[in-house]
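> Give me the fold of what follows.
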Amino acid sequence: MDMEQARFNMVEQQIRTWDVLDQDVLDLLRQVKREDFVPEAYRALALSDMEIPLGHGEAMLSPKMEARIVQEVGVKAGDLVLEVGTGSGYMTALLARMAHQGLVRSVDIVPEFTARAVAILKQQGIANAILETGDAARGWEQGGVYDVIVLTSSVPVLPEAFKTRLKVGGRLFAVVGDGPTMEARLITRVAEDAYRTTNLFETSVPPLKNAMQPQRFVF
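So this is what the prediction gives:
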């Protein structure tokens, strides 16, 4: 299989056509080899427009979704980033490369995912990422406040704890709602007590384990 041709097709046919036009992001997707992060059994499908199973009921987001998230949060050199849901470590790698001398703190509830991602990121020469195992479904106390927060799984309701962990000017990406249709949102902290929410697109992604649930009426 010609991986470089497949990578070209992924960028030009899947990602660019999904409104990902930031050249730095497109270049990054060519540089970071997605196939190095997927489980070996799915390596041939690494660049396909699909979610790839990781085990434990989890899956990698599709390449176009990952690319769109990176574009929307606009990570800058020196940014402090929190990622909730390490998964394969591929998104971690993308965020860390964008942050340059900044730092990505990534948390996953599955120890196997953390351990595997640590090893792959080391092989990739990515040193500005700290990976931790824990339940961050309702927020993460470590690391203070962040320039960027990315939730890689959906939440029925978005806990306030994530919003309050943003610096002024900070950006939070989250997919909010119940299936089959959810809303991808970009939330920007515009002042100490003010936030701006931009609804980006409708989608459906697996829920975050132990996510906060809305109050539901019982008849």
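> For the residue nearest the centre of the chain, give me its contacts.
Nearest to the mean C-alpha position of the chain, by CA atoms, centre = their mean, lies T152 at 4.2 Å. Shown in contact with T152 (CB atoms under 8 Å, 6 or more residues apart in numbering): 61, 69, 83-87, 91. To be clear about C-beta, it is placed using only N, CA and C from the backbone, and glycine gets the same treatment.
> One more pass at 6 Å, please.
Taking CB atoms under 6 Å, 6 or more residues apart in numbering as the contact definition, T152 lies against G85.
> what about it, which SS state?
T152 falls in the strand class when you classify it by DSSP: H, G, I helix; E, B strand; the rest coil.
> ok, it to L208 distance?
From T152 across to L208, the span is 8 Å (CB to CB, to the nearest Å).
> Can you show me the helices along the protein?
3-9, 23-31, 63-73, 90-99, 111-123, 160-164 (DSSP state H).
> Give me whichever of the ones you listed is most buried.
helix 90-99 (a mean of 25; mean count of other CB atoms under 10 Å).
> could you give me the average pLDDT of that helix?
Per-residue pLDDT over helix 90-99 has a mean of 98.
> can you list contacts of that helix?
Under CB under 6 Å, 6+ apart, the answer for helix 90-99 is 28, 32, 34, 37, 66, 70, 75, 79, 81, 83, 86, 104, 106, 126, 128-129.
> repeat that with 7 Å
28, 32, 34, 37, 60, 66, 70, 75, 77, 79, 81, 83, 86, 104, 106, 117, 121, 124, 126, 128-129, 150, 152 (CB atoms under 7 Å, 6 or more residues apart in numbering).
> re the thing from before, Throw the helices of the chain into TSV and include distance to T188, thanks.
Shown next, in TSV, are those (distance: least, CB to CB, whole Å):
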stretch	distance to T188
helix 3-9	32
helix 23-31	19
helix 63-73	10
helix 90-99	17
helix 111-123	28
helix 160-164	10
